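1. Whatever this is, show me its structure:
(one chain, ligands or ions: 1)
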Amino acid sequence: MKTPQLFGTNGIRGVPNQDLTLDLATGIGRAIGTFFNSEKIAIAKDTRISGDMFMFAVSSGVMSTGADITYIGELPTPGLQYYCKVNKIPGIMITASHNPPQYNGIKAIDSDGTEIDEDKEVKIEEIYINKRYSTAEWDKIGNYNYDNTGIDLYINSIISSIDSEAISKSNIRVAIDTGNGASYYTSPEILTRLNCHPVSLNANPDGKFSSRNSEPKPENLSDLISIMKTGKFNIGVAHDGDADRCVFIDEKGNFIDGDRSLALIVKNTVKRGDTVVTPVSSSDALSEICTEKGAKLILTRVGAPIVARAMIDNKATLGGEENGGIIYGTHQYCRDGAMTMALMLNLLAREKKPLSELLKGIPEYYMVKTSVPRNIEWEEMKELLTKKFTENMFDFTDGVKIYDKEGWTLIRPSGTEKIVRVFSESKKEAVARECNKKYVTFLKEL
Ligand code: MG
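-> Numbering: from 1, shown residues only. Next up is the predicted model:
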């Protein structure tokens, strides 16, 4: 199978007017229009400064192939995906997710609302590289329309996927940090309609991300964490730039790892016999919870579109990644920050306990994440690893996962940099550190 060259794990990314040029954007628009051969294609963008420029460039490319463009606004990637799913049309998202503000990107959405798979990315790239574009006659060129109903469609679909009445009566107070990104309107609006009296931080669209780095990591959320430490809120919520991810802060101001919030949502959402999907990099806490609930857990390669596809194939209820990207199959098969927030509120309303209390029911694991430079080919590295640690169990779903007595280590080459990532997990912090050190030392010697 060929792997796409321009499309990375989450679309095409780059710095505008440098590696992500206007020509590239127009060409990709032409290629996407040619590939889908659809009457209509929806488009949306996040709040980045170059958003307008790329939206018009990509749209021009699409219209030249004969397809109409429907612009639905500045909204989260899952908002566009829901619009595509409901209207059964393909879509294009202009976003660089959590990347620094100078970046932007292009992501293609299938007419079922999921991100297109690698096969389709390769086909789009081939059209682009060989310039095999469809070119419409002058009277068949597409036009440009607005549809401002997309935002409400998305908001309503989330509210109707949960027990909104129970949440409204629960007097849950929420602080939310949308990081100047695409969820600046949608998520605070959902919270208001759910009677959560939100206090919103950075809820103004600002393509420079002036207030904080767009990735929802604890070091970027110090303002939200301080607000939570006042003790006036039940839960803190933060999204990345395009709001397909959601992380939480408990009522005491503690940041919750994405693995743990996913495990908590799984624990309170799935039923016996349900299926859950997650990449091999996720914590074993999730497999413990699935065993406890009588749910089946499927482990895939790393990457949200891969998890989403596996969920469709296995009719899974929930899936997700350790970075706060949670997929609720009942609503739609893509990572969705606002849906994740709503699922968490749903369980707070039902359980009537503080978040920190509820998290005590999730087994504790320690994960150590490091990386080492890659000086030799990955295949060779992989072979040397399997030859050296012959007494261990291996899993090759993605990279090499090596099982030690009390933990595991996942070693994967990065798709964008010449490094390998080394994740080690164990119930014991010392074991996780020891394992990580053992493999890192070996890899460094290669
Ligand atoms: Mg994102």
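2. contacting residues around the strand or helix carrying Tyr71?
-> Applying DSSP states H and E as the criterion places Tyr71 in strand 68-74. The contact list for strand 68-74 (CB atoms under 8 Å, 6 or more residues apart in numbering) reads 39-47, 51, 55, 59, 62-63, 79-80, 83, 89, 142-148, 150-151, 182, 184-185, 205. From N, CA and C alone the C-beta is placed, and that goes for glycine too.
3. 6 Å instead, please
-> If you take CB atoms under 6 Å, 6 or more residues apart in numbering as the criterion, strand 68-74 is touched by 40-45, 47, 59, 62-63, 83, 142-147, 150-151.
4. same check, this time on stretch 213-225
-> With CB under 6 Å, 6+ apart, stretch 213-225 has contacts from 98, 177, 179, 201, 212, 236, 238, 240-241, 247, 249, 253, 255.
5. ends of it, how far apart?
-> When the termini of stretch 213-225 are compared using CA to CA, to the nearest Å, they are 15 Å apart.
6. picking up where we left off before, least confident of the contacts of stretch 213-225?
-> Sorting the contacts of stretch 213-225 by pLDDT puts His98 at the bottom of the list (93).
7. What about it, how many residues nearby?
-> 23 (other CB atoms under 10 Å).
8. do Lys271 as well
-> Each residue near Lys271 was counted by other CB under 10 Å, and the total is 9.
9. quick check: domain ranges of the protein?
-> The chain breaks down by automatic domain parsing into domains covering 12-148, 153-361, 366-445.
10. Averaged pLDDT, stretch 264-282. What do you get?
-> Rounded mean pLDDT across stretch 264-282 is 96.
11. Show me how far it is from its chain's centre.
-> Remark: stretch 264-282 is offset 16 Å from the chain centroid, using CA atoms, centre = their mean, to the nearest Å.
12. Selecting buried members of the contacts of strand 68-74 in ChimeraX, what would you type?
-> Buried members of these, defined by 16 or more other CB atoms under 10 Å, are picked up in ChimeraX with:
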select :40,41,42,43,44,45,47,59,62,63,83,142,150,151
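13. what helices or strands is the helix or strand containing Asn145 leaning on?
-> Using DSSP H and E, Asn145 sits within strand 144-146. Packing contacts for strand 144-146, counted by 3 or more CB pairs under 6 Å, 6 or more residues apart in numbering; DSSP states H and E, involve strand 68-74.
14. Return the alpha-carbon coordinates of the strand it packs on using PDB.
-> In PDB, the C-alpha atoms belonging to strand 68-74 read as follows (Å, rounded to 0.1, in the frame of the first residue of the first chain):
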ATOM      1  CA  ASP A  68     -20.400  24.300  -5.800                       C
ATOM      2  CA  ILE A  69     -18.800  25.300  -2.500                       C
ATOM      3  CA  THR A  70     -20.900  25.800   0.700                       C
ATOM      4  CA  TYR A  71     -19.100  27.800   3.400                       C
ATOM      5  CA  ILE A  72     -20.500  27.000   6.800                       C
ATOM      6  CA  GLY A  73     -18.400  29.300   9.000                       C
ATOM      7  CA  GLU A  74     -15.700  29.400  11.500                       C
END
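15. Direction included, what does that strand pair up with?
-> strand 40-45 (parallel), strand 144-146 (parallel) (DSSP bridges).
16. Spatially central residue in this protein, please.
-> Nearest to the mean C-alpha position of the chain, by CA atoms, centre = their mean, lies Gly325 at 4.2 Å.
17. OK, contacts around that residue?
-> Counting by CB under 6 Å, 6+ apart, Gly325 has contacts 244-245, 304, 335.
18. Pick out the residue in this protein sitting closest to the ion.
-> Ser97 (3.2 Å; CB to the ion).
19. Spell out which residues of the chain are next to the ion.
-> Neighbours of the ion within the chain, by CB under 5 Å from the ion: 97, 240, 242, 244.
20. coming back round to it: and the furthest pair within the contacts of Gly325?
-> Arg245 and Ala304 (9.3 Å; CB to CB).
21. Tell me which of these two has more neighbours.
-> Arg245 (28 against 23).
22. distance of the more buried one from Asn10?
-> Between Arg245 and Asn10 the computed distance is 11 Å (CB to CB, to the nearest Å).
23. Ser371 too?
-> 19 Å.
24. Strands along the stretch 51-200 of the chain, start to end?
-> 68-74, 91-94, 104-109, 144-146, 174-177, 199-201 (DSSP state E, counting those that start in this stretch).
25. rewinding a little: among the contacts of Gly325, which are in helices?
-> Secondary structure from DSSP state H places Ala304 of those in helices.
26. wait, what's in contact with Leu443?
-> Val372.
27. Quick check: it is in a helix.
-> Yes: under DSSP: H, G, I helix; E, B strand; the rest coil, Leu443 sits within a helix.
28. isn't Met55 right up against Lys45?
-> Yes: if you go by CB atoms under 6 Å, Met55 and Lys45 touch, sitting 5.1 Å apart.
29. Give me the contact list for the strand or helix carrying Ala338.
-> With elements taken from DSSP H and E, the one containing Ala338 is helix 337-351. Applying CB under 6 Å, 6+ apart, the external contacts of helix 337-351 come out as 158, 162-163, 166-167, 170, 172, 186-187, 190, 237, 239, 243-246, 265, 268, 326, 328, 331, 358.
30. Can you get me a residue count around the closest residue to Ile49 other than its chain neighbours?
-> Closest residue to Ile49 apart from its sequence neighbours, by CB to CB, 6 or more residues apart in numbering: Gly207 at 3.7 Å. A total of 19 residues lie near Gly207 under the criterion other CB under 10 Å.
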